[in-house]
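Q: Just to be clear, the model below is a prediction. Sequence and coordinates:
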Amino acid sequence: MKSIEENAIITYQKNLSYLKEYDQSLYNRVQQLSLLIQNGEYQSRYQLEYIEDDKQFDIYDSATSSHIYGKKASVSVKNSLKEIDFDKKNSIDLLDSNLYNVNSAINIEESLRQEDKTPRYVANDIYEYYKVFQKSTLDKDKKFKYIEKFIFIGTLLGIDILPIDKKLNSKLYLICEYNLEIFRLALFVTDFSLLAKNSKVIFSIMDDDSDFKMKVNQFLHFSIRSNFMIKYHCSNYNIGNYFDKILEVASSSSPLQFAYPRMFFGLLEPVFYNINKYPVLDTKTEHNLLKDKQVIFLGAGPSLGNNIKWLHKNKNKFIIVAIGTVLKILVENNIKPDLIVTVDGDEIISEQFNDEVIKFIEEVPVLASTITNKNVLDKLDYSNIILFESMGRFKDSSVPMYGVSVGEIGLSIISILGGDKIYMLGTDLALDQESGTTHSGDHFAQKKYNIDTKMEHNSFMENENFDLGNTTTIVKGNFKEKVVTTLIMQKSIPLYNKITTQIVEKSPNTKIYNLSNGAFFANTISVKPEELNVEMVNKNIDILKYLKDKSNIKFTNNEKQTLIKSTDKVKMVISELNKIKTLKVKSYDHFIQQREGLMTVITKELKNYSRYYIDRIFTYYILTIEPYLGFHFNEKLKNEVNLIKKVKKIWIEQMLKLCNKYKDCILENINKL
């Protein structure tokens, strides 16, 4: 009979063979750690110890002189199995409780702003399905037929992983562990190759934020029908801010961030109107307008208000580029910007341009995105407006700029215009670390949070229910080691990092200075405003004339023809929908199989015209509806055939409605050009 030690070594070798084939990077890191330990170059904190009385291994922590399982690992396994079942316990709910439980049609008043109509359009579409199921997604007693994917947060020795898998038999597992040394010990105890025989496994072991979030995205993109919740098991040992990061990825990838109805009135319709009326900047060309000039880019974070006196004193030392939300505080302090950038397509943005602001900026050029709401542009002086394309690309002379806020896009604009000495102020992406406020002055989105001054944990861990808008987290600071921010603001940090990195890689001589007492950004230089020593800048440049000279108005014939071709692809979608309509359906799974041809058209054919958002319209609809259907069909149903027939009819009708709306929107607007 093999000894316990021999079995452990056999398990370790099997795991290494498995990792070498399926996760080479992790295999290399484990081998490297083993070599360091073997050569005495790394002093292990944790040791594997077999507890005879418990008939299980435990981890001895030499730093605390204690056993992590308390010499009762077998009890931990039993408790884990009791906790995990085919229910909603130990899960994060991803279905918006209000949106997915509307029990009557919502009246959409014509007087409402378009952005306020969006959730109502979506809710009314969901209501058509609600009438079929007549069940709430908030049912705490819901019993599922299967748990398709599952997250292990903190592995320790992984002794409960295989028993839980035997109980759930999930198709995908995400296994997360902050400590590579602990995971290495798990390889002696748990045979992960057994887990992988019937399931796909994603390992995230001591990954940085970027790699971890990429793997969470990979997890979420697998079988989107199961994205009504994230089911997990947590070891509660050294789990850090795993929940924060999981929730951040889940929220940022939500299709409701830019819902499918908004693609029409928030993107397509404004683009046609605006491009036909205003000059559009050529963003494919590298410009030198701001080259060798000190450019200060102003955001609405707390640092702007805290340094407003300094800015007033030094306003002539910079070309000032401001976003719309800071204009009021600039007016109050008599600081006139040299260029204004506005991106958001919502009508509420018009509130940033009140009469006092309009008078103050009457000679200032405004760079506005092509999706800017008509009512916003109508308030501005026509002769001062130049457009640029963001998100999509209708003009052949454009490169699309992506971001979740005006901040990231504004920074890209400055770089395209040749900015090589960029100073960022008010781009905190963090709370005021004393008051807990989110923005400067009386910003319309101003909120105040209680700050954990010890910065030991985030507010999600304190609250029973997760709310994206009220959850704080901790990130690397610009002047401080750590700062508190919100999950909403945190979403922009990776985008800023990506943009600052791209700018510096493309133009190595570019210097980007972060003057804000907020989050740290990659490839930026941290400098407090009062420590700057800069000379007066030459403002004797005609920014407006330069921008107009580099712009063109209206659609070219080639651009019109490409748009018309995109409607032919929609006809392919209609053809596939009509095929599905004629097929008999037996179950929800059968319905998903019937749609495979259609999904190929959406992901391949429509992808070629993604510059017009066409693929996103259908993809976002599916991402919105599918988890809701997945929730309701994931239980034992006596009348599943009747239910799926009704659901299929609604699904095809709503998809056809989107097809016809896209065709009409493109063709009708082209005929007006």
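A: Noted; the coordinates are in hand. Residues are numbered from 1 along each chain as shown.
Q: In the protein, which helix is the longest?
A: helix 640-672 (DSSP state H).
Q: Show me what that helix is packed up against.
A: helix 114-133, helix 269-275, helix 557-582, helix 588-594, helix 614-633 (3 or more C-beta pairs under 8 Å, 6 or more residues apart in numbering; DSSP states H and E). Every residue, glycine included, has its C-beta placed from N, CA and C.
Q: So what's the residue count around the closest residue to Gln654 other than its chain neighbours?
A: In space, and not counting its chain neighbours, Gln654 is closest to Asp125: 5.8 Å by C-beta to C-beta, 6 or more residues apart in numbering. Around Asp125 there are 22 other residues, counting by other C-beta atoms under 10 Å.
Q: Does Asp125 touch Ile625 like I think?
A: Yes. At 7.4 Å, Asp125 and Ile625 qualify as touching, with contact defined as C-beta atoms under 8 Å.
Q: Identify the contacts common to the two.
A: Common neighbours of Asp125 and Ile625, using C-beta atoms under 8 Å, 6 or more residues apart in numbering, are Gln654.
Q: So which bits of the longest helix of the chain are buried?
A: 640, 643-644, 647-648, 650-652, 654-655, 658-659, 661-663, 665-666, 669-670 (16 or more other C-beta atoms under 10 Å).
Q: Got the domain ranges for this protein?
A: Listed domain ranges for the chain are 4-95+140-253, 277-552, 555-672 (source: automatic domain parsing).
Q: Kindly reformat those as CSV and extend each row with mean pLDDT.
A: As requested, the domains of the chain are exported to CSV (pLDDT from 0 to 100):
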stretch, mean pLDDT
domain 4-95+140-253, 94
domain 277-552, 87
domain 555-672, 95
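Q: Could you export the ones you listed as JSON lines, including distance to Ala105?
A: Converted to JSON lines, the domains of the chain look like this (distance: least, C-beta to C-beta, whole Å):
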{"stretch": "domain 4-95+140-253", "distance to Ala105": "19"}
{"stretch": "domain 277-552", "distance to Ala105": "24"}
{"stretch": "domain 555-672", "distance to Ala105": "14"}
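Q: Which residue, other than its chain neighbours, is closest to His670?
A: Just so we're on the same page, residue 670 is Ile rather than His. Lys560 (5.6 Å).
Q: could the helices and strands packed on helix 640-672 go into JSON lines alongside distance to Gln24?
A: Converted to JSON lines, the helices and strands packed on helix 640-672 look like this (distance: least, C-beta to C-beta, whole Å):
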{"stretch": "helix 114-133", "distance to Gln24": "43"}
{"stretch": "helix 269-275", "distance to Gln24": "45"}
{"stretch": "helix 557-582", "distance to Gln24": "39"}
{"stretch": "helix 588-594", "distance to Gln24": "33"}
{"stretch": "helix 614-633", "distance to Gln24": "32"}
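Q: Any idea how far stretch 611-618 is from the middle of the chain?
A: 18 Å (C-alpha atoms, centre = their mean, to the nearest Å).
Q: hmm, I was thinking of stretch 548-567
A: With C-alpha atoms, centre = their mean, you get 31 Å for stretch 548-567.
Q: Kindly report the same for stretch 487-503.
A: 11 Å.
Q: List the buried residues for that stretch?
A: Neighbour count says stretch 487-503 has 487-500, 503 buried, by 16+ other C-beta under 10 Å.
Q: Can you tell me what sits against it?
A: 209-210, 213, 244, 247-248, 251-252, 402-405, 407-408, 411-412, 415, 422, 427, 429-430, 438, 468-469, 471-473, 475, 485, 510, 512, 519, 521-524.
Q: In strands, which of those residues fall?
A: Applying DSSP state E to the contacts of stretch 487-503, the entries found in strands are Ile422, Thr472, Thr473, Val475, Thr485, Ile512.
Q: got a winner among those residues for most neighbours?
A: Top of the ones in strands among the contacts of stretch 487-503 by neighbour count (other C-beta under 10 Å): Thr485, with 26 neighbours.
Q: Does Gly266 belong to a helix, a strand or coil?
A: helix (DSSP: H, G, I helix; E, B strand; the rest coil).
Q: pLDDT score assigned to it?
A: On pLDDT, Gly266 comes in at 82.
Q: Could you report the neighbour count for it?
A: 24.
Q: Surely it touches Glu115?
A: Yes. Gly266 lies in contact with Glu115 (C-beta under 8 Å); the separation is 7.1 Å.
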